[in-house]
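S.K.: pasting the sequence and the predicted model now:
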Amino acid sequence: MKSAADRAFAAIPVALIGVAVLTLYAVEAWSRKTPWVFTDEAEWTQISRSIASTGHAARRGQPIYFKSLYAFLLAPFWWIHSTATAYAAIKYMNAVVMTLAAIPTYLLARMLVTRRAAVAVGLLAVLIPGMGYATSIVPEVLAYPWYALCSWLIVRALTTKRRLDYAIAIAAAIVAGLIRWPQFATVPASFVIAYGVIWFNGPRGRAMRAGWSRSDYIGAIALFAGAMILFNRVVLQHEQIWQVSTQYLKSRMLDLGLKAALALTIGMGILPVVGGLVSLRLRERRDQPAYRAFAAYLAASIICISLYTAVKAAFLSTVFSTLTEERNMIYLSPMLLVGTALVFEARRLDWRLVTVASAFVLWLIYAKPANLLFPYFEAPGFGILDVFTRHFQWTIQDLRLALALTLAVAVIALCFRHVRGVAAVLVVVGAAWMLTSEIAATVGADTFATQFRNHLPKHLNWIDLQTHGAPVTYLGQEVVDPNGVLLTEFWNRSLKHVDSLDGSCCGPGPFYAPNILRPDGLLSGMGDVPYVVSDNGIWMQGQQVASWKQLTLYKRRGPWRLLAFEQQVYSDSWAPGWSTYTYFRPKQRGTMVVHIGRRGYTGDAPAGDAVIQVGTMKIVADQARIEHVYATVRQVVANGSDHVIRIPVAQTPVRVVITIKHTIPPSVDPRNLGAQVAFNFVPAKHR
């Protein structure tokens, strides 16, 4: 018998490894400079901030249905006054919470394998590529350890069959749905399926089947199939995602589901997937209740999670983008690792199953393409491939050959699994493989986030510093890339509303498109918000408080009105073949100054032929239009040229419209560029 001191001393290496892992993720959290996964991180930030300030979930002030307990986990951190400090605290909390998956994974493994193997499994479970999600504000952070907890509790309940254990497992499965719905409906579904399989193969099930004939089995199968069809028609067909995917996108479901499986397989180093599948049939353990419960629940989980992933990916391909959704399959990782540990401790294996599993993995490697985008948030398992393509210039064929050789090594390792030292070497190699993928994916995300940070102001909360918490409305137009808006909203909590004059911006959460009500620039729906931050091409009638690049912060002086408004002018002053400028402040006399040229282009494209029209303005259907043209100027815009045109204005409001023929070919710039333009109305000096 070991003394308490001996056991404590033996636990020191495990504790040190745990501290090292947690330190790694803390460093990764520190290195992430800003959110970058939009709209995910923006949405969870909005909801959790609303909970922190009002106790209710909302996005930009509009109530939203309950989405996840993760938002409530985040909420207390937003009580911290500094956004930068709160964000840092959330990232470190994420690292701790996600790493907690090691504990239930160890406890599950300890039901089935030796202590040393259970420690290895617990460690590997928090080294998977999906651990990279710990640096992002996404619900996977809480979902991953909770799914591992549910797996342990459910297998324990199916093993002991005690009422208390069942109650605890059921409660955990219900809470799982509150963390990630609808995906974690797979938890109770897998629980029910596993329970049914165990009951059917247990004493009561065998007693029921004692006198069954072949026709009885056929009838039971037909009855079960009919029940599933009825359940599909009556219940599941009311779910749009399920209906669209299963009725119209069956082949796409299969394809995208297998691609996600490929990402999971590569990210885990191939062996855990093969080992996990082989562990479903270990004859020497079939008399052990814990093994029967584990095998039944693992098989049910593979079916349910794979089906959900395929259905979701197929549906997303119709409404958003075609994605490899490995992020929905990472929850299988702990159980696959436990299964692999079972295989390595087994005396005998079913080599037919090894052959089938290996053939399936080999087919995945050669039949399904890997996504080599860097970074690729949806499938961090591909991160290790990026290392070889980016740093060693490997081709797709090189990668496939390397993966096939890795599969061969995995099968050989199964053959020599009982040789001393083989298992230890594989744990080290597996840890290195998964960490390489996790770190590569994290480096890619950090690179992206750092690029965002480099395009943000020195003081990220520059708006909050001016408004001291007073509400601010963002007003923009022609928002093609909303990332800048969402980052400004994240770092400045006083920014409460997001509006755009043309309706081009931008969720998550509600957004509004104000209308121009009168020629003096009066806007609808702006209310009495004390501050407005305007974006490129929009100037307000108010007190200018601060600015950064094309963003200008105004303080309200009376109802919110536009001072001036450009259309179709990019932030670098280039405009396509049509652009406008409207000056709204009424009853002013002065000069309209128009700069037009191509000083930024000296190529051989034909010169532009510009027509500049200036006239009075009226509002038609809430939009500014020229009412009467009183000046027309034609200007040849040669490459490399710059022209200044001055047109007298008897009285404002005034509107300018520029049309340009012979734009620059898109081979030079993907945009349709006509000329660089700038406008300025100069009021006359009063005598």
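M.R.: Structure received. Numbering: from 1, shown residues only.
S.K.: contacts and neighbour counts: CA atoms only from here.
M.R.: Fine.
S.K.: could you look up the SS state of Phe565?
M.R.: strand (DSSP: H, G, I helix; E, B strand; the rest coil).
S.K.: does it really touch Asn536, like I thought?
M.R.: No - in this structure, Phe565 is not within contact of Asn536 by Cα atoms under 8 Å, at 9.1 Å.
S.K.: now for the two: what residues contact both?
M.R.: Contact criterion Cα atoms under 8 Å, 6 or more residues apart in numbering; residues shared by Phe565 and Asn536: none found.
S.K.: ok, Ser333 - how many residues close by?
M.R.: Per other Cα atoms under 10 Å, the neighbour tally for Ser333 reads 24.
S.K.: dump the residue contacts of it.
M.R.: Counted by Cα under 8 Å, 6+ apart, Ser333 has contacts 125, 128, 268.
S.K.: same check on Ala546?
M.R.: Ala546 neighbours (Cα under 8 Å, 6+ apart): 463, 466, 552-554.
S.K.: highest neighbour count among the contacts of Ser333?
M.R.: Neighbour max across these (other Cα under 10 Å) = Ala125, 33 neighbours.
S.K.: which one is it nearest to, not counting chain neighbours?
M.R.: Pro334 (5.2 Å; Cα to Cα, 6 or more residues apart in numbering).
S.K.: am I right that Arg281 falls within a strand?
M.R.: No - using three-state DSSP, the assignment for Arg281 is coil, not a strand.
S.K.: for Ala157, see how far away it is.
M.R.: 21 Å (Cα to Cα, to the nearest Å).
S.K.: so which helix or strand takes in Lys618?
M.R.: Following DSSP states H and E, one finds Lys618 within strand 608-620.
S.K.: that strand - contacts with which helices or strands?
M.R.: strand 623-637, strand 654-661 (3 or more Cα pairs under 8 Å, 6 or more residues apart in numbering; DSSP states H and E).
S.K.: need the winner for burial among those strands.
M.R.: strand 654-661 (a mean of 23; mean count of other Cα atoms under 10 Å).
S.K.: can you list contacts of it?
M.R.: 576-584, 608-617, 625-626, 674-675.
S.K.: rerun that using 6 Å as the cut-off
M.R.: 577-583, 608-617 (Cα atoms under 6 Å, 6 or more residues apart in numbering).
S.K.: what does stretch 83-91 give?
M.R.: Contacts for stretch 83-91 (Cα under 6 Å, 6+ apart): 29, 77-78, 80, 135.
S.K.: what's the answer for stretch 152-160, then?
M.R.: 108, 165-166, 169, 289-290, 293-294.
S.K.: residue ranges of each domain in this structure, please.
M.R.: Following automatic domain parsing, one finds the domains of the chain at 14-451, 462-563, 568-683.
S.K.: could I get the ones you listed in a markdown table, plus columns for mean pLDDT?
M.R.: Compiled in a markdown table, these are given as follows (pLDDT from 0 to 100):
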| stretch | mean pLDDT |
| --- | --- |
| domain 14-451 | 93 |
| domain 462-563 | 93 |
| domain 568-683 | 93 |
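S.K.: OK, contacts around His81?
M.R.: No contacts exist for His81 under Cα under 6 Å, 6+ apart.
S.K.: my bad, Leu256
M.R.: Here Leu256 is in contact with Ala310 (Cα under 6 Å, 6+ apart).
S.K.: over to it. Which of the three states is it?
M.R.: Going by three-state DSSP: Leu256 is helix.
S.K.: now Leu414
M.R.: Leu414 is classified as helix under three-state DSSP.
S.K.: distance of it from Val274?
M.R.: For Leu414, the distance to Val274 equals 10 Å [Cα to Cα].
S.K.: looking at the two, which is more packed in?
M.R.: Set Leu414 next to Val274 and count neighbours by other Cα under 10 Å: Val274 wins out with 29 against 21.
S.K.: before we move on, which element is the more buried one in?
M.R.: Val274 belongs to helix 271-278, assigned by DSSP H and E.
S.K.: can you pull the buried residues of that helix?
M.R.: By 16 or more other Cα atoms under 10 Å, the buried positions in helix 271-278 come out as 271-278.
S.K.: cool, and stretch 136-154?
M.R.: For stretch 136-154, by 16+ other Cα under 10 Å, it's 136-154.
S.K.: now swap in stretch 58-75 and tell me
M.R.: 58-61, 67-72, 74-75.
S.K.: take those residues and keep only those in helices.
M.R.: When the buried residues of stretch 58-75 are checked against helices (DSSP state H), the matches are 69-72, 74.
S.K.: in CSV: those residues, plus distance to Ser50.
M.R.: Listed next are these as CSV, based on distance: Cα to Cα, whole Å:
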residue, distance to Ser50
Leu69, 14
Tyr70, 13
Ala71, 9
Phe72, 10
Leu74, 11
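S.K.: and which of those is nearest Thr450?
M.R.: Minimum distance to Thr450 across these is 23.2 Å, recorded for Leu74 (Cα to Cα).
S.K.: contacts only, for the closest one.
M.R.: Contact partners of Leu74, counting by Cα under 6 Å, 6+ apart, are Ser48.
S.K.: equivalent analysis for Thr324, please.
M.R.: So Thr324 contacts 259-260 (Cα under 6 Å, 6+ apart).
S.K.: check which helices and strands the top helix by length along the chain is in contact with.
M.R.: In the chain, assigned by DSSP H, the helix with the most residues is helix 422-454. Applying 3 or more Cα pairs under 6 Å, 6 or more residues apart in numbering; DSSP states H and E, we find helix 422-454 packed against helix 383-391.
S.K.: and the helix it packs on, what's buried?
M.R.: Those would be 383-387, for helix 383-391 by 16+ other Cα under 10 Å.
S.K.: a markdown table please, covering the residues you listed and showing distance to Gln247.
M.R.: Output for these, formatted as a markdown table (distance: Cα to Cα, whole Å):
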| residue | distance to Gln247 |
| --- | --- |
| Gly383 | 33 |
| Ile384 | 36 |
| Leu385 | 34 |
| Asp386 | 36 |
| Val387 | 39 |
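S.K.: for the residues you listed, which one is nearest Asp446?
M.R.: Gly383 (13.2 Å).
S.K.: is it true that that closest one touches Ile439?
M.R.: No - under the criterion of Cα atoms under 6 Å, Gly383 makes no contact with Ile439, lying 7.9 Å away.
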